[in-house]
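Trainee: Sequence first, then the predicted structure:
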Amino acid sequence: MDFSAFSGLAPVKWAAMLCLGFLAACSGPVNTPYPDRLPAQSILFSAFEERPKHLDPARSYSENEYVFIGNIYEPPLQYHYLKRPYTLEPLTAAIMPTVRYLDKDEHVVSADARTLAWSEYEVHIKPGIRYQPHPSFARHADGTARYVPIDPAELARIDRFEQFTATGTRELTAADYVYQIRRLADPRVQSPLFGFMVDYIVGLKDLSQAIGAEAKQVGKGAFVDLSRFPFEGAKVVDRYTYRVRIRGKYPQFVYWLAMPFFAPVPEEVERFYRQPGMAEKNYTLDWQPVGTGAYYLAENNPNRVMRLRRNPNFHDDFFPAEGAAGDLAAGELADAGKRLPMVDAVVYSLEKEDVPYWNKFLQGYYDASGVSSDSFDQAIRLGEDGTPDLTPDMKARGIQLSTAARPSLNYMGFNILDPVVGGRSERSRKLRQAISIALDYEEFISIFLNGRGISGQGPIPPGIYGYREGQDGINPVVYDWDGRQPRRRSLDEAKRLLAEAGYPNGRDAVTGQPLTLYFDTAASGPEAKSRMDWFRKQFARLDIQLVIRSTDYNRFQDKMSKGSEQLFEWGWNADYPDPENFLFLLYGPNKKAGAGGENAANYESPEFDRLFVKMKDMDNGPERQRLIDAMVRIAREDAPWIFAYYPKSFGLRHDWVKNAKPNLMAHNLLKYRHVDAPARVAYQARWNRPVWWPIALTLLVLAAAVWPAVTSYRRHLRATAHA
């Protein structure tokens, strides 16, 4: 280094100049993982832990995949973003589907007719909806397909999907929806929904066999024209109308019309991807989806980043103008009527570990985060009543907390086939009621869930039609209403019921023997041990001895299928937001022992079963609610379950992210998000200020060390000049 340029400067001034130069070169946060000016744009930043395996809507059935395809594809229906209970509304459909009921002679019959053979759903879609730009739609001037067939030499030169430079689009039609339903039957697609829908969609099994037979002749990966096979289950009526025929009556089918399984896939897209050489280059629907949604997959690099961008052809769609009670006051309708989507892009970066993700969230480089066990104490504090709140540090950062009860239920079940806790006698019913009161699940939620749960009041969780709020929704067998919230009945009341059941002080009134109950579980490990210890203490409050019978999961399943257990833990997540999806868990013919159903408690009640059969096919309304209330009342009185808790999800977001109301049934939420990018940039600058004094100190030390050499060099120059 030539020091002559600094020969007239004192060492402190020289070090100061170096520091100023370094600072000038680092005007923004020096630890940002993004290119310059990217955080200032209308972009959401998030992360993913593992690459999505399937992006084909006929194959995907995983939450980490729906994050992407739920915002790319559009089934005919969607869940209203704000309304609760969860409510279906048209998405690409012009109106809600209509249904008519037919007998075997194709005559229209009433919904409750004994001769009802089929239900036929008719869907009208909106005209003018167009697909994202894609090479499968590209055309030559004469109208022929640009890339079908593709020259093998041209395909060999294409190393990235973006090198398909010619793209096109076309209008969405009813035939695209019918084609996708046919794809569910293609054995090469291996749709996880096929085994379920084959029992409902007419002719789906025969279609699958026909497609499979032809696929064997033409080759596994070759294109098969699915539209030429006869199929009664789905038919095109006109350009914008199609019909789906269901065996018997299955009103819950309408919920499936909001799932990606029933989103449209055009025939030319399948023809494009089925060409020789495409799959070898990963050019498939599993890798490059094609939809009409608000976003398209602009970059798929699962080892680094997944990037969604605004679909330039997205149709008219607007933020809802109405919501649930309280949404207006909470500011959830601030963007009412505005055109969607509200951000231009979404960037998902690969993060395999929780700690780096959490740190980048705190630095402002990710817009939202969940709450892991590692970060819970840093983010959340619980009040004396167990109410979650943010820690002072989170509040100082302007971070917001969102909580929502998941549409699921965890419960402790009594095997109704068991001679002690089972049966429908008054003795066994009071025993179950006493235990239901004694098990303090409010304490369980606080200790084992960090407050992430709501005490269960019945078989239907919040957000599902039929669930009742407030005083009308409490389980009066277990709780009282204190004017503001439910309060668990006292232990004295539980002991009174236990005595009335014939077990005063936990002993059989006839034999004098202590009451011993057996709890079957497949749980293992240190955390499970602490939970089992908690259960023992809870039963001991009633002087009941609880014996834990831990086994592996296969043995546990075997016990459940045979009905040889006594008490057990179980849970259920909603497949769709309908009370039938929970109440069928207590329907007698659906019992697990003997019938192989999902009624794990093997509960039977003639009145409950009668009401269930009447309720399950009804449309939502006052009469259906009346039947639901009656069924819930029976279940509470008979107590085949202890309605333990409804799990609760916790989410954190920075305050520059707007429109983040939790919706645990919808998959297309990105279009509603709104970002205040300048606020994000300001936060990043504030919370990522570099600590420069170590560098300055290092430079000063360096200057002090170098200064003698500089001085010696200057003396040498002067001596030489003097000579």
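Mentor: Alright, I've got the coordinates.

Trainee: where do the helices sit along the stretch 451-600 of the chain?
Mentor: With DSSP state H, counting those that start in this stretch, the ranges of helices along the stretch 451-600 of the chain come out as 491-500, 526-540, 553-562, 580-583.

Trainee: most packed of these?
Mentor: helix 580-583 (a mean of 22; mean count of other Cβ atoms under 10 Å). (C-beta placed from N, C-alpha, C; glycine too.)

Trainee: hmm, who's touching the following helix or strand past that helix?
Mentor: Downstream of helix 580-583, the next assigned helix or strand under DSSP states H and E is helix 606-615. With Cβ atoms under 8 Å, 6 or more residues apart in numbering as the test, helix 606-615 has contacts from 579-580, 583-584, 586-589, 624, 627-628, 630-631, 634-635, 638.

Trainee: With stretch 457-464 instead?
Mentor: Applying Cβ under 8 Å, 6+ apart, the external contacts of stretch 457-464 come out as 84-86, 404-409, 454, 466-467, 469, 473-475, 479, 486, 574, 577-579, 581-583, 585-586, 628, 632, 635-636, 641, 643, 646, 664-665.

Trainee: and with 7 Å instead?
Mentor: For stretch 457-464, contacts defined as Cβ atoms under 7 Å, 6 or more residues apart in numbering pick out 84-86, 405, 407-409, 454, 466-467, 473-475, 574, 577, 579, 582-583, 585-586, 632, 635-636, 643, 646, 664.

Trainee: how does this structure divide into domains?
Mentor: Domain segmentation of the chain under automatic domain parsing yields 3-26+691-722, 60-280, 408-649.

Trainee: Save the ones you listed as CSV, and put in distance to Tyr34 and mean pLDDT too.
Mentor: Below are those laid out as CSV (distance: least, Cβ to Cβ, whole Å; pLDDT from 0 to 100):
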stretch, distance to Tyr34, mean pLDDT
domain 3-26+691-722, 15, 59
domain 60-280, 20, 95
domain 408-649, 28, 93
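
Trainee: Ile380: which of these is closest?
Mentor: Taking Cβ to Cβ, domain 408-649 is the member of the domains of the chain nearest to Ile380, at 6.8 Å.

Trainee: Show the contacting residues for Pro320.
Mentor: Shown in contact with Pro320 (Cβ under 7 Å, 6+ apart): His80, Tyr81, Leu82, Ala336.

Trainee: Do I have it right that the second one meets Leu664?
Mentor: No: with contact taken as Cβ atoms under 7 Å, Tyr81 and Leu664 are classed as non-touching, separated by 11.9 Å.

Trainee: And the two? Which one has more around it.
Mentor: Neighbour count, other Cβ atoms under 10 Å: between Tyr81 and Leu664, Tyr81 has more, with 21 against 17.

Trainee: is it true that Gly413 lies in a strand?
Mentor: Yes: looking at Gly413 with DSSP: H, G, I helix; E, B strand; the rest coil, it is inside a strand.

Trainee: where's it relative to His716, distance?
Mentor: Per Cβ to Cβ, to the nearest Å, Gly413 is found 93 Å from His716.

Trainee: quick one: which of the two has more around it?
Mentor: It is Gly413, of Gly413 and His716, that has more neighbours when counted by other Cβ under 10 Å, with 25 against 10.

Trainee: Where does the closest residue to Leu669 other than its chain neighbours sit, in terms of helix or strand?
Mentor: Closest residue to Leu669 apart from its sequence neighbours, by Cβ to Cβ, 6 or more residues apart in numbering: Asn663 at 6.1 Å. Under DSSP H and E, no helix or strand contains Asn663.

Trainee: Which pLDDT value belongs to Asn663?
Mentor: For Asn663, the pLDDT comes out at 92.

Trainee: and it, how many neighbours?
Mentor: A count of nearby residues for Asn663, using other Cβ under 10 Å, gives 19.

Trainee: give me every residue that touches it.
Mentor: Shown in contact with Asn663 (Cβ under 7 Å, 6+ apart): Tyr79, Tyr81, Leu669.

Trainee: cool, Trp570 as well?
Mentor: Shown in contact with Trp570 (Cβ under 7 Å, 6+ apart): Tyr411, Gly413, Ala600.

Trainee: Find the residue closest to the first one in space, skipping its chain neighbours.
Mentor: In this case it means Tyr411. Trp641 (4.2 Å).

Trainee: Now for that neighbour: which residues touch it?
Mentor: Counting by Cβ under 7 Å, 6+ apart, Trp641 has contacts Tyr411, Met412, Gly413, Ala601.

Trainee: still on that earlier bit, which of the contacts of helix 606-615 lies at the shortest distance from Asn659?
Mentor: Using Cβ to Cβ, Pro579 comes nearest to Asn659 of the contacts of helix 606-615, at 28.5 Å.
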